[in-house]
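Chemist: Provided below for reference: sequence and predicted model.
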Amino acid sequence: MTAQLIDGNALARQIRADVSGRTAALQARGIQPTLAIVLVGDDPASQVYVKHKVNDSSETGLVANLERHPAGMSEAALLARIHALNDDPAVHGILVQLPLPKHMDSHKVIEAISPAKDVDGFHVASAGALMVGQPGFWPCTPHGCLKMLDSIGYELRGKHAVVIGRSNIVGKPMAMMLLGRSATVTICHSATADLGAITRQADVIVAAVGKQNLVTADMVKPGAVVLDVGMNRNAEGKLCGDVDFDAVKEVASWITPVPGGVGPMTRAMLLVNTLEAAERAAG
Ligand code: NAP
């Protein structure tokens, strides 16, 4: 079997087109959906990420205000800035780019964001809403993965989904979303004994670890759907995922590539969350 590709670039384009249309509808009502991006310090990867977020926003008619603060900014000053953004009715979404400088408590900073503007979905209130099935903002990466499964018409009900990785921003919310669709979910992590014995039972595998070639062909049941969240650099410095793509695509029925898979979907879902924040505020 040679798997079909789930093309994250193409799907993200469709989602951006939908965001553009809904943004125009809000603008016609005099509402400009606006995202505040807060960057503290000069981490090189963060600089690239925020640039993408600003460009993606402006392409779809959203306004992204990027504010840069020096690495030496105090935590109190950052918290005060977030409170001001919470109180600003012209700002619908707030994103604090992580990682923050070491002298800051990231958890405390994220918790300062109003849940109504938490478009990254990292606030405890957002995680709780996902857990109990109430409206809130879902983290962009797992939400993008779910959209990819929807795009191929995949029925999760009764299927066995194995999520490898249990971070608060990818693995755990992914598992909750799959459970919400009535899949049977297994979460694996670094202490999981015999990962392959578990993944071989999976109808869907989501790999979110950060280790090149962690998922090999012998770990995949023929016909399984494989979503690769991992972002690694191979020996040649090229971007690659956690899945041995060339071998696994001969076993799986559907597979996401890296690059061009989950990455563009993560970016697209931030736009969706920002737009939804503006739509909810508009009533
Ligand atoms: P993380 O916080 O480092 O979590 C990694 C998880 O992998 C942990 O739960 C860890 O287990 C588990 N793990 C480590 N080694 C393992 C092994 N040998 N077998 C099974 N599980 C193992 O990372 P993250 O933030 O979730 O990100 C995961 C990957 O996704 C990274 O490559 C990251 O760059 C990428 N990512 C991509 C996107 C995107 O848009 N494409 C977005 C976010 C993240 P323990 O909990 O036991 O330590």
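Modeler: Noted; the coordinates are in hand. Residues are numbered from 1 along each chain as shown.

Chemist: wait, residue 242 sits on residue 228?
Modeler: Yes - counting by C-beta atoms under 8 Å, residue 228 is a contact partner of residue 242 at 5.8 Å. All C-beta atoms are positioned from the backbone trio N, CA, C, and that covers glycine.

Chemist: Now do stretch 254-271: distance from first to last residue.
Modeler: Its start and end residues considered, stretch 254-271 measures 26 Å (C-alpha to C-alpha, to the nearest Å).

Chemist: do stretch 241-259 as well
Modeler: 8 Å.

Chemist: Contacts for it next, please.
Modeler: Stretch 241-259 is contacted from outside by 1-8, 148, 152, 154, 164, 207-217, 220-232, 239-240, 261-262, using C-beta atoms under 8 Å, 6 or more residues apart in numbering.

Chemist: List the buried residues in stretch 48-55.
Modeler: Of all the residues in stretch 48-55, those buried under the rule 16 or more other C-beta atoms under 10 Å are 49, 50, 53, 54.

Chemist: Can you tell me the element the second one falls in?
Modeler: Spelled out, that is residue 50. Using DSSP states H and E, residue 50 falls within helix 44-59.

Chemist: That helix and the ligand in contact?
Modeler: No - contact of helix 44-59 with the ligand (C-beta under 6 Å from any ligand atom) is absent, the minimum separation being 9.6 Å.

Chemist: Against which helices or strands is that helix packed?
Modeler: Secondary-structure packing of helix 44-59 (3 or more C-beta pairs under 8 Å, 6 or more residues apart in numbering; DSSP states H and E): helix 8-28, strand 34-40, strand 63-69, helix 262-282.

Chemist: mind listing what's buried in the helix or strand just after the third one?
Modeler: The reference is to strand 63-69. Of the helices and strands lying after strand 63-69 in sequence (DSSP H and E), the nearest is helix 75-87. Residues of helix 75-87 classed as buried by neighbour count (16+ other C-beta under 10 Å): 75, 78, 79, 81, 82, 85, 86.

Chemist: ok, the first one - contacts?
Modeler: If I follow you right, that is residue 75. Taking C-beta under 8 Å, 6+ apart as the test, what residue 75 contacts is 103, 104, 105, 108, 109.

Chemist: Local confidence estimate at it?
Modeler: Per-residue pLDDT puts residue 75 at 98.

Chemist: What of the fourth one?
Modeler: The predicted structure scores residue 81 at 98 on the pLDDT scale.
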